[in-house]
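K.L.:
compute the structure for the input listed below.
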Amino acid sequence: MTRQPLHSALLAGALCCLLATAPQAVRAADAPDATQAQRAVRSTVSVSAEAQRIANAWADERADLQARLRDLKAREAWLGFRRDKYRAYIANQRETIAELERRKDEFAKVRDQLEPFLDDTAKRLDAAIAADLPFLAEERAARMAFLRDSLDDYHLPLSEKLRRTLETLQVEAGYGRGAEATDTVLDIGGRRLQVTLLRLGRIGLYCRAADGSLCAMWDRASGEWTVIDDDGARSVRQGIEMAQRRRAADILALPMGGAR
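P.N.:
Predicted coordinates for the structure are as follows:
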């Protein structure tokens, strides 16, 4: 009887101890699984964070590549535009060069023909002056000497030779216009006289002695001064007054020398 209650008490005490220690045993058994779970979660979180970092890096790189691609496309378009422009420039320059070459060839031909032409023009001017009325002889002779020296100057540009020839032609052509009265000294009939010389362009050349004692005209045919009558002398005097602007312009009846 005594053992039975004691045994029951002992059994009950053991059961209580077992029940008391059971949760600790369960917790001790579950501890390794919780640690592993935490590690797994941490690993997953770490992997996710790394994946997100990689994704962000790739997104940044992609955006950078897209920006570079846009820049490259824009530069490609610009370079294409410049290429087309330079092609047009080059084509235009080639046309210009071709035109300049053509002009150069033409200028070379003109130059080869111009220099002989200028020399021939000077010779014809000399002949024309020699056959012309005898006025401003020294001035015209000096001008022609200067022109001949210019044409014979090796270092003088052809353009300057042309300019001087044209200038001489212009001056000589100017002598054919208008009337001019100048005072000079002439030898007429063995007499040296102070006269007023009247030139009417290249049509006629007349002179009147300062004292009015003589009037003469230049005869192209004979190359000499020929005394004219009183009517002619009166017209010469009137012509001199017109040239000197002391008389209104009017029609004059003047004798003409023969052609040479």
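K.L.:
show me what whichever helix in the chain runs longest is packed up against.
P.N.:
For the chain, the helix with the greatest residue count under DSSP state H is helix 3-131. Packed against helix 3-131 by the contact rule (3 or more Cβ pairs under 8 Å, 6 or more residues apart in numbering; DSSP states H and E) you find helix 137-151, helix 158-174. Every residue, glycine included, has its C-beta placed from N, CA and C.
K.L.:
run through the bridge partners of Gln194.
P.N.:
Val185 (DSSP bridges).
K.L.:
so who does it touch?
P.N.:
Contact partners of Gln194, counting by Cβ atoms under 8 Å, 6 or more residues apart in numbering, are Asp183, Thr184, Val185, Ala209, Ala210.
K.L.:
and the residues you listed, which is closest to Leu125?
P.N.:
Comparing the contacts of Gln194 against Leu125 with Cβ to Cβ places Thr184 closest, at 23.2 Å.
K.L.:
tell me the contacts of that closest one?
P.N.:
Gln194, Val195, Leu197.
K.L.:
domain parsing for the protein?
P.N.:
Structural domains assigned to the chain are 79-175, 178-260, following automatic domain parsing.
K.L.:
now stretch 100-115: average pLDDT?
P.N.:
Taken as a whole, stretch 100-115 has an average pLDDT of 90.
K.L.:
swap that for stretch 215-229, sorry
P.N.:
The average pLDDT for stretch 215-229 rounds to 90.
K.L.:
how about it: buried residues?
P.N.:
Across stretch 215-229, burial judged by 16 or more other Cβ atoms under 10 Å covers Cys215, Ala216, Met217, Trp218, Asp219, Arg220, Trp225, Thr226, Ile228.
K.L.:
how long is it end to end?
P.N.:
One end of stretch 215-229 sits 8 Å from the other (Cα to Cα, to the nearest Å).
K.L.:
give me the distance from it to the chain's centre.
P.N.:
59 Å (Cα atoms, centre = their mean, to the nearest Å).
K.L.:
now do the contacts for the closest residue to Arg177 other than its chain neighbours.
P.N.:
Nearest residue to Arg177 in three dimensions, chain neighbours excluded: Gly201, at 5.9 Å (Cβ to Cβ, 6 or more residues apart in numbering). Gly201 makes contact with Tyr175, Gly176, Arg177, Gly178, Ala179, according to Cβ under 8 Å, 6+ apart.
K.L.:
recalculate using a threshold of 10 Å.
P.N.:
Neighbouring residues of Gly201 by Cβ atoms under 10 Å, 6 or more residues apart in numbering: Leu133, Gly174, Tyr175, Gly176, Arg177, Gly178, Ala179, Glu180.
K.L.:
same check, this time on Asp231
P.N.:
Contacts of Asp231 by Cβ under 10 Å, 6+ apart are Ala253, Leu254, Pro255.
K.L.:
again with Ser235
P.N.:
Leu198, Tyr206, Cys215, Ile228, Asp250, Ile251, Leu252, Ala253, Leu254, Pro255.
K.L.:
now the contacts of Thr184 as a markdown table including distance to Leu72 and pLDDT?
P.N.:
Output for the contacts of Thr184, formatted as a markdown table (distance: Cβ to Cβ, whole Å; pLDDT from 0 to 100):
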| residue | distance to Leu72 | pLDDT |
| --- | --- | --- |
| Gln194 | 98 | 93 |
| Val195 | 96 | 92 |
| Leu197 | 90 | 93 |
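K.L.:
sec struct for the residue nearest to Asp132 when sequence neighbours are not counted, please.
P.N.:
Leaving aside its chain neighbours, Asp132 sits nearest to Arg202 (6.5 Å; criterion: Cβ to Cβ, 6+ apart). With DSSP: H, G, I helix; E, B strand; the rest coil as the basis, Arg202 sits in coil.
K.L.:
next, count neighbours for Arg202.
P.N.:
15 (other Cβ atoms under 10 Å).
K.L.:
that one and Ala221, how far apart?
P.N.:
16 Å (Cβ to Cβ, to the nearest Å).
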